[in-house]
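Peer 1: coordinates for the following, if possible.
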Amino acid sequence: VDGCPPGIAIDQAVIQHWLDKGAQPTDRIARMLEAAGARTKTERSNPNKGTPGKKAQERAAEAAEAEPAPLLTLREPMPDVVETPEALRAVCEAVAGGTGPVAIDAERASGYRYSNRAYLIQLRREGSGTHLVDPIAFDDLAPLQEAIGETEWILHAATQDLPCLRDEGLSPTELFDTELAGRLLGYPRVGLATLVETLLGRRMKKEHSAVDWSTRPLPKPWLEYAALDVEVLVELRDLLAAELEETGKAEWARQEFDALRGFEPTPRVDAWRRTSGLHKVRGRRSLGAVKALWELRDSLAEQRDVTPGRILPDSAITVAATHMPTDKGALLGLKGFHGRGAERYSSRWVSTLREVAELPEDELPTRAPRSDGPPTPRAWGDRDPVAARRLQHAREAMTALAEEHSMPAEQLLTPDFMRRTLWAPPRTRDPQALAAAVAEQLTGYGARPWQVELTTPLLVAAILHGDEPVPEAPQPEPEAPQPDA
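Peer 2: Numbering: from 1, shown residues only. Alright, predicted model coming up:
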């Protein structure tokens, strides 16, 4: 129907039936019905559209009136960077002699280096003080791991730092993630600086968050910034832990933290498909060119240990793939083909494009990537209306459950786990057997026990609801024949 988004069909008789009963469509649905000719168009005037609500305005006014929180500063003199075996031994002794959990953070050179390695590691423990360790100076940090032992780690956004710390020989036996705790507690913003200001009343400087930490020597202001990242992690952890206990979420957090200890980054599949501007590329051969150029750039970046975009930006890849030049002059003459490695590696770019030009059609990539998961939700209505009803019912219930527990819906259950379960649910429809099968399915995907317990009843209800036949709308009565004049 004209005016209706793709994948949505409008049944005029059904719509009219419910409108006659007094149904009131939302503004968005009303516009859709009017565009499709299913409802008389009405004039609208909303002078307050886009104006923040009353509470939002009050909060903004309070924030404007409030004085800035005092800056967080170091309680002790900033330590020297640890880069010798003797200094590392002293740090290990200090850490082992401290008490309580150990706050840990790591700085990487994201945006500058290809590798994800740590270029600085910060630690703080009560009775030990703060330590800044340069991991580049050591083959590994096994002595530090031994000094920490089974002490709890405190991290903020653990998934960012655990892989690079593991590469240095550091792994926790127990951990507390302050960012994840904030999510479970429903804080709207869970960045470290925001939580520190909200809970501890101190403001953190963030001007060095995107610097090149592979720089040597590291400037003193950068080191101070790094030390401050662990300055109050212990205090922040204690406040969040107490709130988790008060809200009955401590066990949920414990399960989440236990799962984090074995965290491994998800391997990137078809990472070239994330090339910016790929949607503008037409044809399988041009897609093949994007793929080949991306893979060559990635190989060069890994060899040089620089971020790929510093060799050739994504825009240059899509320009070259669109025009498919066959010689250096034509390639370098393309508007938009630029970058530090554009001319330096021009022979290799051209050679790659020539190879793609000779590939058989069946060896070229397709537009849609292969996937073992369900289709995108917007396609469910056409491909499986029953599954689409399950998903709609589950989403509504999940939103209500998330509001009840004051946390994001995706924290209750990974959206992919929910979609997989609803797209291909267990065959049984016996409620008890279905609940057991759904719980087993979710557990197999990696859901935590607390998530399984909370969301299984919701998903079972959605599956059973989706199977219910949709009542047919009453057909309009035929008009009585008019008598002959």
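Peer 1: which residues touch Ala69?
Peer 2: Shown in contact with Ala69 (C-beta atoms under 8 Å, 6 or more residues apart in numbering): Glu197, Gly201, Arg202, Arg203. Bear in mind the C-beta positions are built from the backbone N, C-alpha and C, glycine included.
Peer 1: list of residues touching stretch 408-417?
Peer 2: Here stretch 408-417 makes contact (C-beta under 8 Å, 6+ apart) with 183-184, 186, 373, 398-399, 401-402, 405, 442, 445-447, 451, 454-455.
Peer 1: before we move on, the earlier item: narrow the contacts of Ala69 to those in strands?
Peer 2: Among these, DSSP state E puts none in strands.
Peer 1: got a ChimeraX select line for the buried ones in the residues you listed?
Peer 2: Here is the ChimeraX command that selects the buried residues among the contacts of Ala69 (16 or more other C-beta atoms under 10 Å):
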select :197,202
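Peer 1: would CSV of the contacts of Ala69 with pLDDT be doable?
Peer 2: As requested, the contacts of Ala69 are arranged in CSV below (pLDDT from 0 to 100):
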residue, pLDDT
Glu197, 97
Gly201, 96
Arg202, 96
Arg203, 96
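Peer 1: re earlier: any idea which of the contacts of stretch 408-417 the model trusts least?
Peer 2: pLDDT is lowest at Gly373 among those; the value there is 84.
Peer 1: can you show me the strands along the stretch 51-200 of the chain?
Peer 2: Secondary structure of the stretch 51-200 of the chain (DSSP state E, counting those that start in this stretch): strands at 81-82, 99-108, 118-126, 129-133, 153-155, 175-177.
Peer 1: and among those strands, the most buried is which?
Peer 2: Across the strands of the stretch 51-200 of the chain, the average number of neighbours (mean count of other C-beta atoms under 10 Å) peaks for strand 153-155, which reaches a mean of 27.
Peer 1: quick one: contacts of that strand?
Peer 2: With contacts defined as C-beta under 8 Å, 6+ apart, strand 153-155 is touched by 101-105, 161-162, 172, 174-178, 233-234, 236-237.
Peer 1: return the distance of it from the chain's centre.
Peer 2: Distance, stretch centre to chain centre, for strand 153-155: 21 Å (C-alpha atoms, centre = their mean, to the nearest Å).
Peer 1: quick one: mean pLDDT over it.
Peer 2: When pLDDT is averaged over strand 153-155, the result is 98.
Peer 1: numbering from 5 from now on, please.
Peer 2: Understood, numbering begins at 5; the last thing we discussed is strand 157-159.
Peer 1: that one: partners in the sheet, and parallel or antiparallel?
Peer 2: Sheet pairing of strand 157-159 (DSSP bridges) gives strand 103-112 (parallel), strand 179-181 (parallel).
Peer 1: out of those, which is closest to Arg278?
Peer 2: Proximity to Arg278 (C-beta to C-beta) singles out strand 103-112 among the strands paired with strand 157-159, at 19.6 Å.
Peer 1: and the angle for that closest one with strand 133-137?
Peer 2: Relative orientation of strand 103-112 and strand 133-137, computed by axes from the mean of the first three to the mean of the last three C-alpha atoms, to 10 degrees: 30 degrees.
Peer 1: so where is the protein shaky, pLDDT-wise?
Peer 2: Applying pLDDT under 70 to the chain picks out residues 5-32, 34-70, 476-479, 484-485, 487-489.
Peer 1: at the geometric centre of it, which residue sits there?
Peer 2: For the chain, the residue sitting closest to the mean C-alpha position, by C-alpha atoms, centre = their mean, is Glu414 at 10.2 Å.
Peer 1: next structured bit after the strand or helix carrying that one?
Peer 2: Per DSSP states H and E, Glu414 falls inside helix 413-416. Per DSSP H and E, the first helix or strand lying C-terminal to helix 413-416 is helix 419-427.
Peer 1: just checking, what packs against the helix or strand just after that following helix?
Peer 2: Later in the chain than helix 419-427, the nearest helix or strand by DSSP H and E is helix 435-449. Here helix 435-449 touches helix 419-427, helix 453-471, going by 3 or more C-beta pairs under 8 Å, 6 or more residues apart in numbering; DSSP states H and E.
Peer 1: list the buried residues of helix 435-449.
Peer 2: Using 16+ other C-beta under 10 Å as the test for burial, helix 435-449 gives Leu438, Ala439, Ala441, Val442, Ala443, Gln445, Leu446.
Peer 1: hmm, back to that, will you turn the helices and strands packed on helix 435-449 into CSV that also has mean neighbour count?
Peer 2: Below are the helices and strands packed on helix 435-449 laid out as CSV (neighbours: other C-beta atoms under 10 Å):
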stretch, mean neighbour count
helix 419-427, 20
helix 453-471, 19
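Peer 1: can I get those in TSV including distance to Lys339?
Peer 2: TSV is the format used below for the helices and strands packed on helix 435-449 (distance: least, C-beta to C-beta, whole Å):
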stretch	distance to Lys339
helix 419-427	40
helix 453-471	51
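Peer 1: I would like the residues contacting stretch 205-220, please.
Peer 2: For stretch 205-220, the external contacting residues (C-beta under 8 Å, 6+ apart) are 72-76, 111-117, 123-124, 140, 196-197, 200-201, 225-226, 229-230, 232, 236.
Peer 1: would you write a ChimeraX line that selects the buried entries of those?
Peer 2: This is how ChimeraX selects the buried members of the contacts of stretch 205-220, with burial counted by 16+ other C-beta under 10 Å:
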select :76,111,112,113,116,117,123,124,196,197,200,201,226,229,230,232,236
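Peer 1: could you measure Arg278 against Thr326, distance?
Peer 2: Applying C-beta to C-beta, to the nearest Å, the value for Arg278 to Thr326 is 18 Å.
Peer 1: of the two, which one has the most company?
Peer 2: Taking other C-beta atoms under 10 Å, Arg278 and Thr326 do not tie; Thr326 has more neighbours (17 against 10).
Peer 1: what helix or strand does the more buried one sit in?
Peer 2: Secondary structure assigned from DSSP H and E places Thr326 in helix 318-327.
Peer 1: would you put the C-alpha positions of that helix in CSV?
Peer 2: Taking C-alpha atoms only, helix 318-327 is exported to CSV below (Å, rounded to 0.1, in the frame of the first residue of the first chain):
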residue,chain,number,x,y,z
ASP,A,318,37.4,3.6,4.4
SER,A,319,36.2,6.3,1.9
ALA,A,320,39.3,5.6,-0.3
ILE,A,321,38.5,1.9,-0.4
THR,A,322,34.9,2.4,-1.5
VAL,A,323,36.0,5.0,-4.1
ALA,A,324,38.5,2.6,-5.6
ALA,A,325,36.1,-0.3,-5.5
THR,A,326,33.4,1.7,-7.2
HIS,A,327,35.6,2.8,-10.1
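Peer 1: so which elements touch that helix?
Peer 2: Packed next to helix 318-327, using 3+ C-beta pairs under 8 Å, 6+ apart, are helix 288-308, helix 350-362.
Peer 1: closest one to Gly292 among the strands paired with strand 157-159?
Peer 2: Checking those against Gly292 by C-beta to C-beta gives strand 103-112 as the closest, at 32.6 Å.
Peer 1: list of residues touching the closest one?
Peer 2: 99, 120-131, 152, 155-160, 165, 168-169, 174, 180, 217, 230, 233-234, 237-238, 241.
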